[in-house]
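Participant: Sequence unavailable; structure follows:
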């Protein structure tokens, strides 16, 4: 059982269950082919369920082709996506392509 506000590592095809009916599963990854020195984007595909409501969502990590995370000048908020779904905010904190992502899930009003 996961707790809101904690850093959670989701492995591919692993489901995270929360105190209420919320669950999140990391289903797959994809990426776009960058132009030389252009923006990069890799995406984690999630399925989120709360009771009877289910939706597929995307969280991406951004960068610049040929530049390291320390050279590209992106702030964490520009590098990692966050999204709002129902009463929840999901913030990506780390991305390990084809393996896992780290997220923090918060519930509005808590």
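Facilitator: That came through fine. Note that this is a predicted model, so its numbers are computed, not measured.
Participant: Residue 103 against residue 89, yeah?
Facilitator: No: with contact defined as Cβ atoms under 8 Å, residue 103 does not reach residue 89; the gap is 10.0 Å. To be clear about C-beta, it is placed using only N, CA and C from the backbone, and glycine gets the same treatment.
Participant: Those two: who's more crowded?
Facilitator: residue 103 (26 against 16; other Cβ atoms under 10 Å).
Participant: Beyond the lowest-mean-pLDDT helix or strand in the chain, next helix or strand please.
Facilitator: Between all helices and strands in the chain, the lowest mean by mean pLDDT, DSSP states H and E belongs to helix 76-79, at a mean of 91. Following helix 76-79 in sequence order, the next helix or strand is strand 82-85 (DSSP states H and E).
Participant: Which neighbouring residues are in contact with residue 42, exactly?
Facilitator: 29-32, 60-61, 95, 97 (Cβ atoms under 8 Å, 6 or more residues apart in numbering).
Participant: Filter those down to the ones in strands?
Facilitator: In this view, the contacts of residue 42 that belong to strands under DSSP state E are 29-31, 60-61, 95.
Participant: Residue 8: which of those is nearest?
Facilitator: Checking the ones in strands among the contacts of residue 42 against residue 8 with Cβ to Cβ, the nearest one is residue 95 at 13.5 Å.
Participant: wait, doesn't the closest one sit right on residue 61?
Facilitator: Yes: at 4.1 Å, residue 95 and residue 61 qualify as touching, with contact defined as Cβ under 8 Å.
Participant: what touches both of those two?
Facilitator: Joint contacts of residue 95 and residue 61 (Cβ under 8 Å, 6+ apart) are 42, 80.
Participant: Show the buried residues in the ones in strands among the contacts of residue 42.
Facilitator: Neighbour counting with 16 or more other Cβ atoms under 10 Å marks 29, 60-61, 95 as buried within the ones in strands among the contacts of residue 42.
Participant: Quick check: phi and psi on residue 19?
Facilitator: With angles defined as degrees, to the nearest 10, residue 19 sits at phi -60, psi -40.
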